[in-house]
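Participant: Turn this into a structure:
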Amino acid sequence: MTRGAAAAFLVVGAVGAFLGLFELYDYDVGLARATGEWIVEHGAVPRVNVMSEMNAEFPFVDDKWLFHVLAHAVIDGLGWTAAVLLRMALLGGLALLLLPRREVLARAPGVLAAVAVVALVTAAERFAFRPELFTMLLLAVFGRVLVRPAPPRAHEAALLLLLQVAWTNLHGYWVLGPILAGAAGAGAAVDALVRRERPPWALLLLPAALVGAAFLNPYGLGLVRSPVDILLDLERNLDVYRATIVEFVPTFADHPVLPTDLVAYRVLLGLGAVGLLLARRKVLWVELLPVAAFVLMSLKLRRNVAPFAVVCAPIFARWLVVGLGDPVRGAVRAAGGVVAGLLVAAVAVGHATDWTAVHDRLDKRFGWGRARDVLPLEEIAFVREHAPPGVVFVSFTWGSTFTGEAFPDHTPYLDGNTAGYDAAFLRRYADAVRGRLDPEVLYAEDGVSWFLLKPGHPLTARLLGDDRWVPLRLGRRACVIARRDGLDEATSALDLRERAAGDVGASGTPRSTFAPRRFQWAELNRSRLLAALERFEEAEAACVAATEVAPDLFEPWHELGVVRLASGRKRLAVEAFDAALERAPGAAVVLADRALALWQVRRYDEAERDLAAALARRPNDAVLWFRRALVAKDADRAREAIDFLHRA
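Facilitator: I've put the predicted structure just below:
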C-alpha cells in the first residue's frame, strides 16, 4: 500500500469513528432496552405487543429482537459510554469499507477519500445507536464481496449466508442483502453475456439462498414476511407516516433549510453522474444495476439515502478513477488531496461544534455517554411521581424513552414503534396530535387522563385552552398536562394557571437560557406554551433571545412572528416573518403564517400571493387550502379551496 493510500485509509476510518462520537440521544433506545430485558427475563421473543396496555393482544413480530438484547446487555450491563464506543467502532469499520479496493485506491487516494467522506456525511443522519448501524456495516460487506468483476468464491458466499442469518435477526432491513445480491447477480450475468462467457449461475442463485438463510429466526415465516408487511403498511398509510416521521419524507420534498445529509446526497449523485460519464466504456453491469436499484430506492424515502451512500460510494469512486486519463491524473491526485483535507476539516469542525446538528435540526450533540439535555427525563420522572399507574398519552418521539424509564407501572399510548399497532389506531393517534380529535374522546373512550407532549403539538395548545385540563409542568423538552378531575390536592397545587404570571421558574422550570453551542429548539416550543397561556411578553422575550443567539436560523424569527400575531401586533409580526423568509426563502410554513398577518393588515394581494406560493410547495395541505379560502378576494378561488377541503 502506498503512503497516500495508507493516509486515506487512516483518515477515512478516523472520520467515520469521529462521526460516531456524540451523546446517546436515540429515541428508540428506551424501548429497545425494555424489550431486550423482557426477552432475557422470559427466555423467548414477544409475539404480542407486551409493551402496550391498550394493544397487548396485537400480533407482533420483533424484527430487531437480537439488537434489543444487545442494547440491553451493552447499556444496562456496561453503561451508556460503552454504547457510544461500540457505535464508533462500527462506523469506523463502515468508513473503511466505503473506500474502493487497494489497487484502485492507490491511483488517486485523495479523490477517493473525498468521495468516502461525502458518503459518510450522506449517511450520518442515520448514525444513531440503532440496528441500522449493523445494516449499513453488513450492506457494505455484501457490496465488497458482490460488486466486483469476479463472482464470490465458495467461502465468501458461505460467509454471506452466515452474516445474513445474523442480519435477519438484527434488523428488518435485512432484505437489502438479497436485493443487492439479486442486482449484482443480474449485472454479472449481463457482463458474462457481453463477454460471451458462461453466466455465473451460483451468483444468480445466491439471493434465494440468502432468503432461505433468513428463515433461521425464532419467528420463521413471520419475520421473513415482516419487510413485505412493513412495505405494504407503508404504502397504505404513507400520508400518516410522512406527516409524523421525517425519515419517510421523499428525498426531494420541500425542506425550508436543506439538511446536511441531503446536500451531501446531491453531491454524491453528481459525483456518480460525472464518474459514469467519464468511465462509460468501462462501467460494468455488475456495478450499474445495484446503483440503479439503490438510487431508485433513495428517491422515494429519506430513510433510504444512507443505504444508497453505502452501496454506491465505492462504485462512484472507481468510476471517477477509471474515467480519469493518465495525463490529468497527477493534477487530480494533488487536487483531490487538498479537497479531501478541507472536507475532513469542515466535517470535523461542524461535528465537534454541533453546528451540523443544529443546522439539521437534530438533537444529537458531540460528547460521551447519555444525552440528558435533549430527552424529557425530568418530565418523565415527574409523571412517574405524580400520575397513577396506567396509560399516558406521549408524543411519538418520547414513546420509546418513556417506556424505558416508566415501564411497567406506566405505559405510553404509543411507544414509538408503529409495528405494534394497527393502522386505525395510528390514524387515531395522528388525528389526536394534530388537534383533530377532541381530547375528551381520548378520556372517555381510552381512559387517557395524563399527557406528556412536545410543546409545539396542536394538541398541546388545545389542552392548554381547556380549563378541564391542567398544565402541571413546562419542561425544557416536554410539558405535562392532566385532567383536573381525579387530581389529588398536592398535584392540583402544581397547576401553572394558578402560579405567579411572571415567573415560569415557580413551576420548577428554569427561565429560558441560550448558549450558542447548545441551542435548544425546546425554548421556541416553550414560547408557544407561554403564548397559549397568554403570557405574550415572556414568549416574545424567549423568541428575541433566540434570534440573538441564532440570527441565521429562520425558526426563531418565524416563531417571533407567530407570537406577535397572536398578541395582536400584526405589523411587527409581518416584519418578523420577512426576516424569516430572508433566511429561508420560499418556506411554506412561513409564507402561510405571513399571509394571515398580511390579510389582517389589509394587504390582500400579497396575502394571496404568499398562499399561492405555499400551495405550490405543499399542494395537498388542507390547512393551506383553508387559509386560501379565508383570504381569497375572488369567489371562484374561495370556492376552489372549499371544494378541495370537502374532498379532503
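Participant: OK, contacts around Glu555?
Facilitator: The neighbours of Glu555, taking CB atoms under 8 Å, 6 or more residues apart in numbering as the test, are 361, 521, 524, 546, 580. Quick note: C-beta positions are derived from backbone N, CA and C, even for glycine.
Participant: gap between the third one and Glu537?
Facilitator: I take that to be Leu524. Separation of Leu524 from Glu537 (CB to CB, to the nearest Å): 16 Å.
Participant: Of those two, which one has the most company?
Facilitator: Leu524 (25 against 12; other CB atoms under 10 Å).
Participant: Please, which helix or strand holds that one?
Facilitator: helix 521-532 (DSSP states H and E).
Participant: Ok, Glu197 next?
Facilitator: Applying DSSP H and E, one finds Glu197 in no helix or strand.
Participant: That one and Asp466, how far apart?
Facilitator: With CB to CB as the criterion, Glu197 and Asp466 are 74 Å apart.
Participant: got it, and Leu453?
Facilitator: For Leu453 relative to Asp466 (CB to CB), the value is 14 Å.
Participant: ditto for Ala8
Facilitator: As judged by CB to CB, Ala8 and Asp466 stand 61 Å apart.
Participant: out of these two, which sits in the busier spot?
Facilitator: Neighbour count, other CB under 10 Å: between Ala8 and Asp466, Ala8 has more, with 28 against 15.
Participant: can you list contacts of whichever strand or helix holds the more buried one?
Facilitator: Assigned by DSSP H and E, Ala8 belongs to helix 3-19. Where contact means CB under 8 Å, 6+ apart, the residues beyond helix 3-19 that reach it are 1, 88-89, 91-96, 98-99, 102, 105-106, 109-110, 112-113, 116-117, 120, 124, 127, 333, 337, 340, 344, 347-348, 351.
Participant: Check which residues of it are buried.
Facilitator: For helix 3-19, burial by neighbour count (16 or more other CB atoms under 10 Å) applies to 4-5, 7-9, 11-13, 15-19.
Participant: ok, Gly486 touching Ser449?
Facilitator: Yes: taking contacts as CB atoms under 8 Å, Gly486 lies within contact range of Ser449: 6.1 Å.
Participant: who has more neighbours, those two?
Facilitator: Ser449 (22 against 11).
Participant: State whether Glu37 is indeed within a strand.
Facilitator: No: counting by DSSP: H, G, I helix; E, B strand; the rest coil, Glu37 is not found in a strand; it is helix.
Participant: chain center to the host helix or strand of Ala490, what's the gap?
Facilitator: Assigning secondary structure by DSSP H and E places Ala490 in helix 489-492. Mean C-alpha position of helix 489-492 versus that of the full chain (CA atoms, centre = their mean, to the nearest Å) differs by 38 Å.
Participant: packing partners for that helix?
Facilitator: Applying 3 or more CB pairs under 8 Å, 6 or more residues apart in numbering; DSSP states H and E, one finds that helix 489-492 contacts no other helix or strand.
Participant: let's see 10 Å
Facilitator: Counting contacts by 3 or more CB pairs under 10 Å, 6 or more residues apart in numbering; DSSP states H and E, helix 489-492 packs against helix 377-386, strand 469-474.
Participant: Show me the one of those that comes nearest Thr81.
Facilitator: Proximity to Thr81 (CB to CB) singles out helix 377-386 among the helices and strands packed on helix 489-492, at 17.1 Å.
Participant: how big is the angle separating that closest one from strand 469-474?
Facilitator: 130 degrees (axes from the mean of the first three to the mean of the last three CA atoms, to 10 degrees).
Participant: For the residue lying farthest from the centre of the chain, what are phi and psi?
Facilitator: The C-alpha centroid of the chain is most remote from Arg196, which lies 46.1 Å away (CA atoms, centre = their mean). Note on Arg196: its backbone torsions stand at phi 60, psi 50 [degrees, to the nearest 10].
Participant: how near is it to Phe382?
Facilitator: 73 Å.
Participant: Can you check the distance spanned by stretch 382-391, start to finish?
Facilitator: Terminal residues of stretch 382-391 lie 15 Å apart, using CA to CA, to the nearest Å.
Participant: Can you mark which positions in it are buried?
Facilitator: For stretch 382-391, using 16+ other CB under 10 Å, the buried residues are 382-383, 386-387, 391.
Participant: a markdown table for these, including pLDDT and distance to Leu204?
Facilitator: Below are the buried residues of stretch 382-391 laid out as a markdown table (pLDDT from 0 to 100; distance: CB to CB, whole Å):
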| residue | pLDDT | distance to Leu204 |
| --- | --- | --- |
| Phe382 | 92 | 59 |
| Val383 | 93 | 56 |
| His386 | 92 | 62 |
| Ala387 | 92 | 58 |
| Val391 | 92 | 51 |
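Participant: so who does the most centrally placed residue in the chain touch?
Facilitator: In the chain, the residue lying closest to the centroid (CA atoms, centre = their mean) is Glu247, at 4.5 Å. Going by CB atoms under 10 Å, 6 or more residues apart in numbering, Glu247 touches 125-126, 241, 301-306.
Participant: Would you list the phi and psi of the nearest residue to Arg101 once chain neighbours are set aside?
Facilitator: Nearest residue to Arg101 in three dimensions, chain neighbours excluded: Arg148, at 7.5 Å (CB to CB, 6 or more residues apart in numbering). Main-chain dihedrals, Arg148, degrees, to the nearest 10: phi -160, psi 160.
Participant: Would you check how far apart Arg148 and Ala184 are?
Facilitator: For Arg148, the distance to Ala184 - CB to CB - is 9 Å.
Participant: Kindly report the same for Ala6.
Facilitator: Remark: distance between Ala6 and Ala184 (CB to CB) = 29 Å.
Participant: What's the end-to-end length of stretch 543-562?
Facilitator: 10 Å.
Participant: surely Asn49 meets Thr418?
Facilitator: No: using CB atoms under 10 Å, Asn49 is not in contact with Thr418, being 11.0 Å away.
Participant: Now tabulate the buried residues of helix 3-19 in CSV and tack on pLDDT and distance to Phe407.
Facilitator: Putting those into CSV (pLDDT from 0 to 100; distance: CB to CB, whole Å) gives the following:
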residue, pLDDT, distance to Phe407
Gly4, 75, 53
Ala5, 77, 50
Ala7, 83, 49
Ala8, 83, 46
Phe9, 85, 44
Val11, 91, 43
Val12, 92, 41
Gly13, 93, 38
Val15, 95, 38
Gly16, 94, 34
Ala17, 95, 33
Phe18, 96, 34
Leu19, 95, 32
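Participant: Serialize the residues you listed to a markdown table and add fields for distance to Val322.
Facilitator: As requested, those are arranged in a markdown table below (distance: CB to CB, whole Å):
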| residue | distance to Val322 |
| --- | --- |
| Gly4 | 18 |
| Ala5 | 16 |
| Ala7 | 21 |
| Ala8 | 17 |
| Phe9 | 20 |
| Val11 | 22 |
| Val12 | 20 |
| Gly13 | 24 |
| Val15 | 24 |
| Gly16 | 24 |
| Ala17 | 29 |
| Phe18 | 30 |
| Leu19 | 28 |
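Participant: Give me the below-cutoff pLDDT ranges for this protein.
Facilitator: 1, 103, 105-106, 237-245, 325-334, 497-523, 525, 620, 632-648 (pLDDT under 70).
Participant: Tell me which helix or strand the nearest residue to Leu375 once chain neighbours are set aside sits in.
Facilitator: Leaving out its chain neighbours, the residue that sits closest to Leu375 by CB to CB, 6+ apart is Thr401, at 5.5 Å. Assigned by DSSP H and E, Thr401 belongs to helix 396-406.
Participant: Need the CA coordinates for that helix. CSV is fine.
Facilitator: The C-alpha coordinates for helix 396-406 follow below in CSV (Å, rounded to 0.1, in the frame of the first residue of the first chain):
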residue,chain,number,x,y,z
PHE,A,396,-44.4,9.7,19.4
THR,A,397,-40.8,10.9,19.8
TRP,A,398,-40.8,10.3,23.5
GLY,A,399,-42.7,7.0,23.5
SER,A,400,-39.7,4.8,23.5
THR,A,401,-37.8,6.8,26.1
PHE,A,402,-40.9,6.8,28.3
THR,A,403,-41.1,3.0,28.0
GLY,A,404,-37.5,2.6,29.0
GLU,A,405,-38.0,4.8,32.1
ALA,A,406,-41.5,4.1,33.3
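Participant: Thank you, goodbye.
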